[in-house]
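Asks: quick one, fold the following:
(one chain, ligands or ions: 1)
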Amino acid sequence: MASLERQLGPKGFTRDPLAMEPWLSDWRGRVHGKAAALLSPANVDEVQAIVQLAAEARVAIVPQGGNSSMVAGATPSAAGDALLLSLRRMNAIRSLSPEDNVAIAEAGVILSDLHEAAARIGRRFPLSLGAKGTARIGGLISTNAGGTQVLRFGTMRSLVVGIEAVLPSGERFDGLSALRKDNRGYDLRQLLVGAEGTLGVVTAASLRLVPAVGARAVAWVGLAGPPAALTLLRRLEAATGESIESFEAMPANALAAVLRNIPGTRAPLAGTHEWNILVEATAPVGAPDPVDALTGLLGAAQEDELIEDAVVAASEAQAEALWKLRESIAEAERVDGPAAKHDVSVPVSAVPDFLVEARAAVEKRFAGSRVLAFGHLGDGNIHFNVQPPVGADGAAWLESEGAAVNAFVHDFVGVRGGSLSAEHGIGQLKLAEFARTAGPVRLHALQAIKRALDPLGIMNPGKLVPPPA
Ligand SMILES: Cc1cc2nc3c(=O)[nH]c(=O)nc-3n(C[C@H](O)[C@H](O)[C@H](O)COP(=O)(O)OP(=O)(O)OC[C@H]3O[C@@H](n4cnc5c(N)ncnc54)[C@H](O)[C@@H]3O)c2cc1C
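Replies: Below you'll find the predicted structure:
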């Protein structure tokens, strides 16, 4: 420990409880851990030195980016013997190449900073999510983050061109290439994407950029339910090709939670609707503004009684206000108190029935519980959250019913061919359920990969990989 303290200096090493405290709990405040020290290296050499020393001393490392994980993936255990390794100080954008359409960003770069840097060269990094002002590139890679543009550009996995990482052995993997094609066998880069810090520390990445948006149209739609929403999505796609980027679904109770809990928000439509959709369509520079096309298509959908009402943002400020409603749902739920949260996926065609059937089944089985389910409808990804009965002590309800609710929802998803983690990962909050439902083949393969790359088990233990039985 003393040699790490010497090597990293006061900016890179602390054991001060006050300085460490904000980083020892997860974003939702459900899990509280302890750490032997908080290390904040300034460069990849320091990361290497840390991992080498940790391997020699058999000390665990918990990598951390913005600490916005929804599954407490970056929170150390309560044992207090692990080193918390924050990548925050490694926040340089090393290069931006409009020729290659590639940015090289260090692990600690905040997502919105990368958005701004790409915009300055007429490009964009096409991944966005509610935590864009907090989440960092290393964390986004390590969770294979999704967000609101997956419909068109895929998850983080499809945007990572190359990776630089320090492996659990302390060796540096220099995979920061800008190559679009590279078929040299097993793909270490892709193994590290979504590994949740269990296979090494990501220190930088080369990331795919796409042309900047020339214009965008953002609309808010009120309609009766998910079947109409899915019909609308396919109709818009057929009419506009690739231009639909986001198609986010929110029931009336999700919008109500935002309006109740988030200052400065207001209802976008005159009446209330069972379901609301936020649609974004974009056009490249020089192409016709998509506002006219979207307005026309939504007008026709209203005439056909597919939708009940719609408004297309008339300015950037209005577009941002509509997006704020969608991106504030997680925060609004946090204000409302504890809930059993699920981040599930089913095939897109199964979403409408799933939403109706799962809600009815859960509310029947857990008397008084209230389902708040919203999400990325076009990706088949639903954040299916179950709130305690009105007036109940939320924490106590979660303590007594949470595990049963989780198992009920995950089994419901499982028999429909779905996944219990669409985009948030496994972390520690989903570990038991993952172990219960994954099946031996998947589990054995995961454990074999973990053993091969991290035989000492020092990288983020207790997350993602269930221990062998
Ligand atoms: C309001 C809100 C909205 C969100 N919306 C979405 C959404 O739409 N889609 C979505 O996918 N997620 C969403 N999330 C979850 C979260 O933002 C993502 O999981 C994000 O990718 C985490 O990034 P981070 O930098 O905060 O990582 P952290 O929380 O710090 O870490 C996440 C995991 O990655 C590991 N890790 C972090 N950095 C490194 C590194 N450099 N090397 C190796 N491992 C590392 C950690 O150990 C941990 O396991 C949301 C979260 C919030 C709070």
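
Asks: so what's the residue count around residue 407?
Replies: When neighbours are counted by other C-beta atoms under 10 Å, residue 407 registers 14. Backbone N, C-alpha and C define where each C-beta goes, glycine included.

Asks: for it, give me the pLDDT.
Replies: We have a pLDDT of 97 for residue 407.

Asks: apart from its chain neighbours, what residue comes closest to residue 350?
Replies: In space, residue 350 comes closest to residue 416 once its chain neighbours are excluded; the distance is 5.5 Å by C-beta to C-beta, 6 or more residues apart in numbering.

Asks: the one you found touches residue 346, doesn't it?
Replies: Yes. Between residue 416 and residue 346 there is a contact at 5.0 Å, judged by C-beta atoms under 8 Å.

Asks: between these two, who's got more neighbours?
Replies: Under the neighbour definition other C-beta under 10 Å, residue 416 and residue 346 were set side by side, and residue 346 has more, 22 against 17.

Asks: strands of the stretch 351-469 of the chain, start to end?
Replies: For the stretch 351-469 of the chain, strands defined by DSSP state E, counting those that start in this stretch occupy the ranges 370-376, 381-387.

Asks: excluding covalently adjacent residues, which one is nearest to residue 386?
Replies: residue 340 (4.4 Å).

Asks: who touches both of residue 416 and residue 346?
Replies: residue 354 (C-beta atoms under 8 Å, 6 or more residues apart in numbering).

Asks: distance of residue 193 relative to residue 161?
Replies: 11 Å (C-beta to C-beta, to the nearest Å).

Asks: equivalent analysis for residue 26, please.
Replies: 30 Å.

Asks: not counting sequence-adjacent ones, nearest residue to residue 405?
Replies: Residue 405 sits nearest to residue 340 (C-beta to C-beta, 6+ apart), 4.2 Å away.

Asks: how many residues are close by that neighbour?
Replies: By other C-beta under 10 Å, the burial measure for residue 340, its neighbour count, is 23.

Asks: contacting residues for it?
Replies: Taking C-beta under 8 Å, 6+ apart, we find residue 340 in contact with 385-386, 398, 401-402, 405-406, 409.

Asks: any chance of those residues in TSV, plus neighbour count and distance to residue 429?
Replies: Below are the contacts of residue 340 laid out as TSV (neighbours: other C-beta atoms under 10 Å; distance: C-beta to C-beta, whole Å):
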residue	neighbour count	distance to residue 429
385	23	13
386	26	14
398	21	12
401	20	16
402	17	10
405	22	13
406	20	9
409	24	13
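
Asks: save these as CSV, and put in distance to residue 271 too.
Replies: Output for the contacts of residue 340, formatted as CSV (distance: C-beta to C-beta, whole Å):
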residue, distance to residue 271
385, 25
386, 27
398, 34
401, 35
402, 35
405, 32
406, 35
409, 31
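
Asks: for stretch 29-36, buried residues please.
Replies: Residues 30-31, 33-36 are the ones in stretch 29-36 that count as buried (16 or more other C-beta atoms under 10 Å).

Asks: same deal with stretch 21-29?
Replies: Under 16+ other C-beta under 10 Å, the buried positions of stretch 21-29 are 23-24, 26-28.

Asks: of all the residues you listed, which comes closest to residue 73?
Replies: residue 26 (8.2 Å; C-beta to C-beta).

Asks: so stretch 335-344, near the ligand or not?
Replies: No. Using C-beta under 6 Å from any ligand atom, we find that stretch 335-344 stays clear of the ligand, coming within 8.0 Å at best.

Asks: distance between the ends of that stretch?
Replies: 22 Å (C-alpha to C-alpha, to the nearest Å).

Asks: and that stretch, average pLDDT?
Replies: Rounded mean pLDDT across stretch 335-344 is 92.

Asks: next, the buried residues of it.
Replies: 336, 338-344.

Asks: a markdown table for the residues you listed, including secondary structure?
Replies: Putting the buried residues of stretch 335-344 into a markdown table (DSSP: H, G, I helix; E, B strand; the rest coil) gives the following:
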| residue | secondary structure |
| --- | --- |
| 336 | helix |
| 338 | coil |
| 339 | coil |
| 340 | strand |
| 341 | coil |
| 342 | coil |
| 343 | strand |
| 344 | strand |
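
Asks: write out the residues of the stretch 101-250 of the chain neighbouring the ligand.
Replies: 107, 129-131, 134-136, 138-140, 142-143, 145-147, 196-197, 201-202.

Asks: among those residues, name the ones in helices.
Replies: Those of these mapping onto helices are 138-140, 142, per DSSP state H.

Asks: between those, which is nearest residue 115?
Replies: Nearest to residue 115 among these, with distances taken as C-beta to C-beta, is residue 140, at 12.1 Å.

Asks: list the contacts of the residue nearest to that closest one when sequence neighbours are not counted.
Replies: Closest residue in space to residue 140, ignoring its immediate chain neighbours: residue 156 at 5.3 Å, by C-beta to C-beta, 6+ apart. Residue 156 sits next to 127, 140-141, 143-146, 193-194 when contact means C-beta under 8 Å, 6+ apart.

Asks: which one (most neighbours) among these?
Replies: residue 140 (32 neighbours).

Asks: after the helix or strand hosting residue 54 comes which helix or strand?
Replies: Following DSSP states H and E, one finds residue 54 within helix 44-57. On the C-terminal side of helix 44-57, the nearest following helix or strand under DSSP H and E is strand 61-64.

Asks: kindly export that next one (C-alpha atoms) in CSV.
Replies: The C-alpha coordinates for strand 61-64 follow below in CSV (Å, rounded to 0.1, in the frame of the first residue of the first chain):
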residue,chain,number,x,y,z
ILE,A,61,-9.6,-4.3,-7.7
VAL,A,62,-13.0,-2.7,-8.4
PRO,A,63,-12.9,-0.5,-11.5
GLN,A,64,-15.2,2.5,-11.4
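
Asks: which parts of the stretch 51-200 of the chain are helices?
Replies: Using DSSP state H, counting those that start in this stretch, the helices of the stretch 51-200 of the chain run over 111-120, 137-142, 150-153, 188-192.

Asks: my guess is residue 388 contacts residue 397. True?
Replies: Yes. At 3.8 Å, residue 388 counts as touching residue 397 under the criterion of C-beta under 8 Å.

Asks: now the common contact residues for the two.
Replies: Shared contacts of residue 388 and residue 397, defined by C-beta under 8 Å, 6+ apart, comprise residue 338.

Asks: ok, these two, which is more surrounded?
Replies: residue 388 (25 against 22).
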